[in-house]
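Asker: the sequence and its predicted three-dimensional model are supplied below.
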Amino acid sequence: MNFLVFVPVIALLIALRFTKLSILLWQFVIFAACFILLKFGFTKPLPMSVVNLFSGIIAVSLFAYLSFDNENFSKSLKELKTFITERQYALWLKIVIIVIPIGFGVNVYIKKSQGIKPPVFGRSIHPAPPTSTSFRGKTIDLVAGENPFRPLKATNPDSFLVHVDNGERVYCEQCSYCHGGNMESKGLFAHALDPIPIKFADKTILPDLQESFLFWRIAKGGPDLPDEAAPWASSMPAFEPFLTENEIWDVLLYMYEFNGMTPRAISAHAGGGGGEH
Amino acid sequence: MRIGLFILIAVVCCFAREPRLGTEAEREAGKIVYMKKCASCHGKKGDGKGNVFGFKPVPRDFTLSSYKLRSTPSGELPTHEDLKGAVKKGMPYTGMLAWPDLSEEDLDNVVYFLKSYDETFSDPDYLVDPLPLPEAPPFSEESAKNGFELYKKNKCFDCHGDIGRGNGPSAPTTKDSYQKPLRPADLTKRWTFRNGPTRKEMYRSLLTGLDGTPMASYKDLMKPEEIWNVVDYVYSISNELPNFTTLALASAIDGDIDLSLGDSLFVNAEAANFPVFGQIMEPGREFFPGINAVEVKAVYDTASIAIMLTYHDMSMQINGSNDPTAEVPLYTPDWVKPTDSISDAVAIQIPSKMPDGFIKPYFLFGDKKRSVDIWFADLAKKEADVYVGKGSKKLVKQEKSNVEVVSSYDDGVWKVIFKRPRRIEKGLPFEVEQFIPIALSFWDGHEKNRGNYRCVTSWYNIYLKPAKEESPFLPAAKTAIWVLVIELLIVFFVRRRSAKSPE
């Protein structure tokens, strides 16, 4: 979050609450404020498609709010009519009439002169996994499934460390080329991948996910992503041919231990992933 | 008398240079960092025997006292600061990552700890002062020109090629002290240098050499200003950044595309650079790709499209043949490489039909649901084959090939031009103003690449620019006028109604 943007915008909204704005203007201010927050309020910018989607939703709900209350609605229509017909607003009307088309025109001009840009699709959501998956002929429950070795941390720390060590071996052998030895996704090949590998050092990823979800992602990789998870031309390999089931559970232990994180507990919220970031 | 002098020198040395080994506590703290972050590659015993098997060069063995990045003369130990710099900045295009997030303290500690693997670090006799590393004088063309003469005089071309593309006669056989193949740097790609891309860093490489590699120190062979000349030459032929993009623009040309014109067809086409990496997603994994970047240019006429791939390859292999369907082992270590000749090859891959929405076929030769067309050119031959791929194990060669190819190899550079009719009976048409997905594959014959053992790119786009480019002013003005008209209409009707029925 970008507090330099958030704080002033919220402060302005609160300040305006105490003034007497006409309902139309008030709505316009809310819309503009939301748009600015969406567009500039995040340190990691949201993709334009997401901003547009949310702006659309906000516009519709503002309109719904207006029309919900008949009195409000006719009041605002009246305001609009006054603005257009009353002499005292004539100058303002002229300005508005001229400024709006110029705004649209400039927008088109900027878009067109930016040159040709291929469609980009931000990764906004983890894909929803199936409820179970088959791994080398064995069925693995992805909803209630748990890492069979995680309980060892409490019951048998020595044996747990053996599993973490084995996970370290697997990680270096298999994952470091992309996800990087430091889990910052700066591995040897990472710069050539589109989309880029997931950064496990990021605090919003591992702790928000269940291990069974990650098991599925590692076993099946990019090729098994459901169509809804497109547009990913993901290079994440399917590790089923390379790794055993135990090795995948071990590498997960290592990934969490390396970052000092714990997985999300299994909750009523079936479907593992589904979080946004 | 002599002995007395020796003792004196030894005593002075002892006092002058105190080994920097840190305190017990600092080494302990360093050990924790090392075991967590470094041991997996460099080994718990510091012997370079961690768990990675794909990296070339292999992780450094800290017991051998041999380091690439030094400010000290060849054969000497690096300084404490040298080691810290290597860890902090990493070594581009090797397994050694940058660790910019380690604190100064952690950096010191981890370096104290890794020195404890090698007792020479604690022996003051082995400590030497760094060589003077002056600030870089300003770059000049004159100096670069002298540099080229010195480049020739010092036989840099033997490894780095006549004009620095890493393709000298010795290049295919250079090895490091671990007896692993080590490619001489491609001097036109400064961004891949282990020491870094600045002129000062290049000066350091030439002054001190990279120990454990054939890249020697030129301290005694060249004067400092001569080294700066060579540095300026390398600087003048190289780019600091690869300028990778995701889009190749094809320009329209008048008349017909005549392949015999070769690369002069593309003089007015814009170049797009894509990164290339090893295929490690599926069996047949390639961890040491011989190609790391490609330049793509494209032109089209009314009937056909031509795409030119230009890439650096250390050696031309046009003996034998190549086959994208060849069976390969899970992983090909050096000792199981086949001995029969394998030729260089490249392929362009496009979806068999325009993807609906964003869903493309899997980038490794398609998948069960969505197939790709592969234009495969074995560079030992003069024609291209077309395959339809539904996964890298499911390639079907088409009887008829509608793709033509011409290729040439000159001083380390392959240029391969493909040509296909824009519209064909079965297959994706190349229409203007559309983003058409494109992915590339390369087989380096020298590395015995074949089948799925290859170098690849992710999906990128190719876009046919319309012949005449529209100025953005017209559509902008059009939009503005439409909006204005709508506004005026609204005002007009509202005013008329309110005039008719005053409240």
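Answerer: That came in fine, so what should we check first? The structure presented is a predicted model; accordingly, all values stated were derived computationally and were not measured.
Asker: on the three-state scheme, the residue of the stretch 251-400 of chain B found nearest chain A is what?
Answerer: Nearest residue of the stretch 251-400 of chain B to chain A: B:Phe358, at 3.1 Å (C-beta to the nearest C-beta). C-betas here are computed from N, CA, C, even on glycine. Secondary structure of B:Phe358, reduced to three states by DSSP: H, G, I helix; E, B strand; the rest coil: coil.
Asker: try B:Phe442
Answerer: Recorded secondary structure, B:Phe442: strand (three-state DSSP).
Asker: ok, it to B:Pro289 distance?
Answerer: Counting by C-beta to C-beta, to the nearest Å, the gap from B:Phe442 to B:Pro289 is 8 Å.
Asker: shared neighbours, the two?
Answerer: Where contact means C-beta atoms under 8 Å, 6 or more residues apart in numbering or on different chains, the residues bridging B:Phe442 and B:Pro289 through contact with each are B:Val276, B:Cys455.
Asker: those two: which is more packed in?
Answerer: With neighbours defined as other C-beta atoms under 10 Å in any protein chain shown, B:Phe442 and B:Pro289 compare such that B:Phe442 has more, 26 against 21.
Asker: could you find the closest non-adjacent residue to the more buried one?
Answerer: Setting aside the residues directly before and after it, B:Phe442 is nearest to B:Cys455 in space (C-beta to C-beta, 6 or more residues apart in numbering or on different chains), at 4.2 Å.
Asker: OK, contacts around the one you found?
Answerer: B:276-279, B:286, B:289-291, B:441-444, B:449.
Asker: for B:Gly427, give its distance to B:Gln434.
Answerer: Distance from B:Gly427 to B:Gln434, counting by C-beta to C-beta: 14 Å.
Asker: let me redo that: B:Trp414
Answerer: Shown here: B:Trp414 relative to B:Gln434, a distance of 28 Å by C-beta to C-beta.
Asker: name the SS class of B:Val386, please.
Answerer: strand.
Asker: so where's the chain shaky on pLDDT?
Answerer: In the absence of a named chain, chain A is used. Residues of chain A that meet the criterion pLDDT under 70 lie in A:1, A:44-45, A:47-49, A:120-125, A:228-233, A:266-277.
Asker: that's the other chain; I wanted chain B
Answerer: Along chain B, the model assigns pLDDT under 70 to residues B:1-17, B:334-335, B:501-503.
Asker: how's chain B carved up into domains?
Answerer: In terms of domains, chain B is parsed into B:20-126, B:141-237, B:247-464 (source: automatic domain parsing).
Asker: burial check on B:Glu105, number of neighbours?
Answerer: If we define neighbours as other C-beta under 10 Å, then B:Glu105 has 12 of them.
Asker: my error: substitute B:Lys419 in the last question.
Answerer: One way to gauge burial is a neighbour count; for B:Lys419, by other C-beta under 10 Å, it gives 23.
Asker: kindly report the same for the one 5 residues further on.
Answerer: Here the count is done by other C-beta under 10 Å, and B:Ile424 has 14 residues near it.
Asker: for B:Tyr409, what is the enclosing helix or strand?
Answerer: Using DSSP states H and E, B:Tyr409 maps to strand B:404-410.
Asker: that strand packs against which elements?
Answerer: Other elements packing on strand B:404-410 under the criterion 3 or more C-beta pairs under 8 Å, 6 or more residues apart in numbering or on different chains; DSSP states H and E are strand B:372-378, strand B:413-421.
Asker: need the distance between the two termini of stretch B:37-50.
Answerer: Start-to-end span of stretch B:37-50 (C-alpha to C-alpha, to the nearest Å) is 11 Å.
Asker: pretty sure A:Leu209 is touching A:Pro263, no?
Answerer: Yes. Taking contact to mean C-beta atoms under 8 Å, the distance of 6.5 Å between A:Leu209 and A:Pro263 places them in contact.
Asker: give me the neighbour count for the nearest residue to A:Thr139 once chain neighbours are set aside.
Answerer: The spatially closest residue to A:Thr139, leaving aside those adjacent along the chain, is A:Ser132, at 5.5 Å (C-beta to C-beta, 6+ apart). Applying other C-beta under 10 Å, we find 15 other residues in the vicinity of A:Ser132.
Asker: again, but for A:Pro263
Answerer: Using other C-beta under 10 Å as the criterion, A:Pro263 is surrounded by 21 other residues.
Asker: ok, A:Lys111 next?
Answerer: A:Lys111 sits with 12 neighbouring residues when counted by other C-beta under 10 Å.
Asker: give the contact list for residue 113.
Answerer: By default, I'm working from chain A. The neighbours of A:Ser113, taking C-beta under 8 Å, 6+ apart as the test, are B:Pro472.
Asker: looking at chain B here, not the other one
Answerer: When the contact criterion is C-beta under 8 Å, 6+ apart, the partners of B:Phe113 are B:Gly22, B:Arg27, B:Gly30, B:Lys31, B:Val33, B:Tyr34.
Asker: so which of the helices and strands packed on strand B:404-410 gets nearest B:Tyr117?
Answerer: Between B:Tyr117 and the helices and strands packed on strand B:404-410, the shortest separation by C-beta to C-beta is 42.8 Å, and it involves strand B:413-421.
Asker: parallel or antiparallel, which strands does that closest one pair with?
Answerer: Within its sheet, and counting by DSSP bridges, strand B:413-421 is paired with strand B:304-312 (antiparallel), strand B:404-410 (antiparallel).
Asker: with mean neighbour count added, can I get those in JSON lines?
Answerer: Listed next are the strands paired with strand B:413-421 as JSON lines, based on neighbours: other C-beta atoms under 10 Å in any protein chain shown:
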{"stretch": "strand B:304-312", "mean neighbour count": "22"}
{"stretch": "strand B:404-410", "mean neighbour count": "18"}
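Asker: figure out which of those strands is closest to A:Leu53.
Answerer: For those, distance to A:Leu53 was read as C-beta to C-beta. The smallest value, 35.7 Å, belongs to strand B:304-312.
Asker: please export the C-alpha coordinates of that closest one as CSV.
Answerer: Taking Å, rounded to 0.1, in the frame of the first residue of the first chain, the C-alpha atoms of strand B:304-312 are listed here in CSV:
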residue,chain,number,x,y,z
SER,B,304,4.2,-14.3,-47.4
ILE,B,305,5.9,-13.6,-44.1
ALA,B,306,9.7,-14.0,-43.5
ILE,B,307,11.2,-14.2,-40.0
MET,B,308,14.9,-13.9,-39.4
LEU,B,309,16.5,-15.4,-36.3
THR,B,310,20.0,-14.1,-35.5
TYR,B,311,22.0,-15.7,-32.6
HIS,B,312,25.5,-16.2,-31.4
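Asker: all good on my end, thank you.
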